[in-house]
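[1] My questions are about this predicted structure, shown below with the sequence.
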Amino acid sequence: HFTNSTEPAYTSSHKSMLNKSSRAPGGQKLCSSSAENKLGRAVPRIPFSRPGAAVLGSRSLPAVEGGKQFSRRPSSLTRPVSAAATAQQQGTNRRRAALQEARMSKDLQAAGSLRTQLTNLFRQAINKAYPDLTDEPVVAACNNAKFGDYQCNNAMQLFAKLKGKEGAPKAPRDVANALVANLPPNELLSETSLAGPGFINIRLSNEFLSKRVSEILRLGLQPPYSPDLSSKKCVVDFSSPNVAKEMHVGHLRSTIIGDTICRTLELCGAQVLRLNHIGDWGTQFGMLIQHMSELSPSADGSASGDESISDLMELYRAAKKRFDDDEGFKQRAREAVTALQSGDEKSLKMWRAICAASRKEFAAIYERLGVKVEERGESFYNPMLKGVVEELKEKGCAELSDGAICVFVEGQSIPLIVQKSDGGFGYASTDMAALKHRLEVEKADWIIYVTDAGQAQHFDLVFSAAKKAGWIGTPESKAKIDHVGFGLVLGEDGKKFKTRSGDVVRLVELLDEAKARCTATIRARSEETGETVDEASLDHAASAMGYGAVKYADLKSHRMTNYKFSFDSMLDLKGNTAVYLLYAHARIAGIARKADKDIDALAASTPVVVAHQKEVDLALHLSRFPEAMEDMLQELAPNRLTDYLYELSERFNAFYTDCKVLGSEEEGSRLQLVEATARIMRQCFSLLGLIPLYRI
């Protein structure tokens with residue numbers, strides 16, 4: 001889960017580093033509305049290439065293992081556990097055969113999200129009705145379902161462009177009527193109607209929605225259910241803790257937001273490099289190495305010295321206090337930095353030992369969160385810094401100012417300092433080198449940085465400097481670059497989340513507390529019902545619920561908002577929480593399990609028929625899953641997925657209340673709606689980094 005990059009070489013030119021913290025979020029003031037950097041985005045909406053192309057499989061978290069109470073269920077949720085492997089393979093083979101047959105029979109001609117398909121239809125209508133216009137259709141879901149499922153809102157805009165021309169329509173409604181009349185034959189629409197000055201309301205056909213649900217089961221979550229991105233090589237820079245410091249609650253947001261973005265990109269077929277740009281270089285290491293050396297003069301950084309770095313955080317605090325209070329120690333620490341950056345072997349050994357100890361702690365956190373990262377810290381880019389600065393100078397992008405080498409960017413009050421007046425390189429130099437490496441070596445066509453919003457100005461300077469140097473924003477380099485900012489984690493008092501002593505809250509303590517509370521809840525429930533729960537199953541379920549609750553509570557808020565951290569709220573069994581949704585999924589799994597039927601075989605032989613309004617509502621929402629992914633990637637906002645998931649559970653509850661499933665005449669069709677809901681929920685769980693539970 002946590003890989004170390006190749007150790008870099010070190011040169012004597014690295015005399016000094018900026019005394020600035022790494023990307024660890026927390027405490028920084030939120031920027032203004034201009035904080036979100038969109039430099040490098042070629043179009044206002046992410047372009048999706050022709051749907052139907054092959055897509056890479058998603059990275060799914062495993063189901064909970066264990067005994068009866070929380071046992072893993074096969075994909076259909078109904079087969080006996082003893083036959084799971086065989087049945088699962090049979091289901092997979094059927095889906096592969098169906099997908100191949102569908103491709104050969106052009107069954108995927110209508111691939112893409114519903115919104116994409118409707119946009120294509122209205123694009124054809126505009127081209128046919130008004131060949132001289134090139135306007136893109138504006139199609140969106142209706143805010144009020146009583147008017148329709150979707151709405152096309154182009155008529156007024158087109159009317160304004162046609163006004164005054166020969167044969168121009170007399171009113172926007174005439175334009176709307178012309179668009180409807182020129183829609184090509186299709187299986188999507190059951191009816192259209194006009195509202196107001198020219199809004200076109202669209203109602204989808206029940207037959208088409210039935211087919212979409214069948215495709216979810218027969219073909220799996222392939223295109224058309226996974227949008228096919230035009231960006232194929234993506235680099236996501238996230239998490240980024242500091243070596244020698246513990247991960248705290250501020251790192252939670254970057255880690256899980258970045259992980260969800262990665263998972264969604266991977267599901268959509270992108271090749272994603274998950275980079276952890278850890279703070280593993282700088283003046284703090286001279287301070288820490290000097291302190292450790294004076295505590296234990298014989299310490300040389302070898303394995304036998306591990307005990308001296310068992311509590312790096314305490315060592316760091318003690319070293320920092322000495323650095324602030326003792327001028328003599330401060331001078332010795334600076335000399336230690338010089339020795340480290342000059343390649344002194346003893347200093348390097350101690351530095352490696354410090355990094356190894358931190359790496360071990362980071363890996364344990366990532367394991368618990370189910371997050372995969374590739375370490376590539378600041379030190380990796382050290383050999384590149386001098387060359388980057390020289391290139392910026394040669395291109396006339398950087399200039400000397402007060403002894404420092406700076407890049408001045410129009411519209412910014414401060415420059416980007418790429419080399420300090422004493423010849424040292426800092427945080428800005430490293431980020432410029434990292435960006436260049438990702439563009440030229442990794443060949444990324446989309447680079448995403450996930451840090452707190454307080455760093456927005458810094459990244460705006462970096463991206464602007466890169467554009468000034470011609471690295472991006474040219475016909476030869478069309479890579480997109482985004483800074484994904486996020487707000488603060490607050491306590492229930494509305495202030496920055498801290499311990500009673502005023503310290504930053506350790507992330508490991510939050511995870512322990514969440515798991516402990518879920519363990520107690522499950523034990524109490526089992527005692528009430530008289531059921532027995534084995535310890536292994538209890539541990540898995542408590543981990544899934546506890547860690548999932550912490551993640552979901554963060555992800556369900558828009559990333560730019562501050563949110564209050566409350567265990568009581570996030571572990572609530574009611575409302576929009578992970579615990580509620582995990583229980584909802586377990587209940588849905590129980591329905592199909594009770595039916596004791598092979599859902600894959602049922603899907604191959606029994607058509608889905610949606611007739612009751614609640615069936616239609618559920619089928620429509622299931623079919624909108626690709627749009628949730630599109631919106632999430634467009635806005636880089638995971639709450640788009642959580643909103644979709646919670647509404648899906650609400651739609652299912654309404655369906656199950658009004659539509660009898662087991663023992664009804666429509667049982668075969670409705671069981672497929674049940675299973676399709678379960679599969680989409682599990683896919684949402686996977687994207688959000690949650691582990692589904694099948695029995696609670």
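    On my side now, so go ahead.
[2] which other helices and strands contact the helix or strand harbouring Gln117?
    Assigned by DSSP states H and E, Gln117 falls within helix 114-129. Judged by 3 or more CB pairs under 8 Å, 6 or more residues apart in numbering; DSSP states H and E, helix 114-129 is in contact with strand 139-141, strand 150-152, helix 172-181, helix 625-635. (Glycine included, C-beta is placed from N, CA and C.)
[3] Could you pull out the buried residues of that helix?
    Applying a neighbour-count criterion of 16 or more other CB atoms under 10 Å, one finds 114-126, 129 buried in helix 114-129.
[4] Over to the nearest residue to Thr532 once chain neighbours are set aside: give its phi and psi.
    Using CB to CB, 6 or more residues apart in numbering and skipping residues adjacent in sequence, the residue nearest Thr532 is Ser526, 6.8 Å away. The phi/psi pair for Ser526 (degrees, to the nearest 10) reads phi -70, psi -30.
[5] how near is Ser526 to Gly575?
    Here Ser526 is placed at a distance of 24 Å from Gly575 (CB to CB, to the nearest Å).
[6] any idea which helix or strand carries the residue lying closest to Leu221 once chain neighbours are set aside?
    Using CB to CB, 6+ apart and skipping residues adjacent in sequence, the residue nearest Leu221 is Gln683, 5.4 Å away. Using DSSP H and E, Gln683 sits in helix 667-688.
[7] Output that helix in PDB, but only the C-alpha positions, please.
    Listed next in PDB are the C-alpha coordinates belonging to helix 667-688 (Å, rounded to 0.1, in the frame of the first residue of the first chain):
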ATOM      1  CA  GLU A 667     -41.200 -10.900  -8.500                       C
ATOM      2  CA  GLY A 668     -38.700 -11.700 -11.300                       C
ATOM      3  CA  SER A 669     -38.600  -8.200 -12.600                       C
ATOM      4  CA  ARG A 670     -38.600  -6.500  -9.200                       C
ATOM      5  CA  LEU A 671     -35.800  -8.800  -7.900                       C
ATOM      6  CA  GLN A 672     -33.700  -7.400 -10.700                       C
ATOM      7  CA  LEU A 673     -34.500  -3.900  -9.600                       C
ATOM      8  CA  VAL A 674     -33.400  -4.900  -6.100                       C
ATOM      9  CA  GLU A 675     -30.200  -6.400  -7.300                       C
ATOM     10  CA  ALA A 676     -29.400  -3.500  -9.600                       C
ATOM     11  CA  THR A 677     -29.800  -1.200  -6.600                       C
ATOM     12  CA  ALA A 678     -27.500  -3.300  -4.600                       C
ATOM     13  CA  ARG A 679     -24.800  -3.300  -7.300                       C
ATOM     14  CA  ILE A 680     -24.900   0.400  -7.800                       C
ATOM     15  CA  MET A 681     -24.800   1.000  -4.100                       C
ATOM     16  CA  ARG A 682     -21.700  -1.200  -3.900                       C
ATOM     17  CA  GLN A 683     -20.100   0.600  -6.700                       C
ATOM     18  CA  CYS A 684     -20.700   3.900  -4.900                       C
ATOM     19  CA  PHE A 685     -19.300   2.400  -1.700                       C
ATOM     20  CA  SER A 686     -16.200   1.400  -3.700                       C
ATOM     21  CA  LEU A 687     -15.700   4.900  -5.100                       C
ATOM     22  CA  LEU A 688     -16.000   6.400  -1.700                       C
END
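[8] Mind giving me the packing neighbours of that helix?
    Right, helix 667-688 is packed against helix 206-219, helix 249-267, helix 535-555, helix 578-595, helix 599-605, helix 613-623, helix 625-635, helix 639-658 by 3+ CB pairs under 8 Å, 6+ apart.
[9] nearest to Lys495, of those?
    Closest to Lys495 of these is helix 249-267 (CB to CB; 13.1 Å).
[10] List the pairing partners of the following helix or strand past that closest one within its sheet, with orientation.
    Later in the chain than helix 249-267, the nearest helix or strand by DSSP H and E is strand 271-276. Note on strand 271-276: by DSSP bridges, its sheet partners are strand 233-237 (parallel), strand 373-375 (parallel).
[11] Dump the ones you listed to a markdown table, plus mean pLDDT and mean neighbour count.
    Formatted as a markdown table, these follow (pLDDT from 0 to 100; neighbours: other CB atoms under 10 Å):
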| stretch | mean pLDDT | mean neighbour count |
| --- | --- | --- |
| strand 233-237 | 97 | 23 |
| strand 373-375 | 97 | 19 |
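[12] these two touch, right, Gly546 and Ala520?
    No - contact criterion CB atoms under 8 Å: Gly546 and Ala520 do not qualify, at 10.5 Å.
[13] Who has more neighbours out of these two?
    Gly546 (27 against 11; other CB atoms under 10 Å).
[14] Alright, calling it a day.
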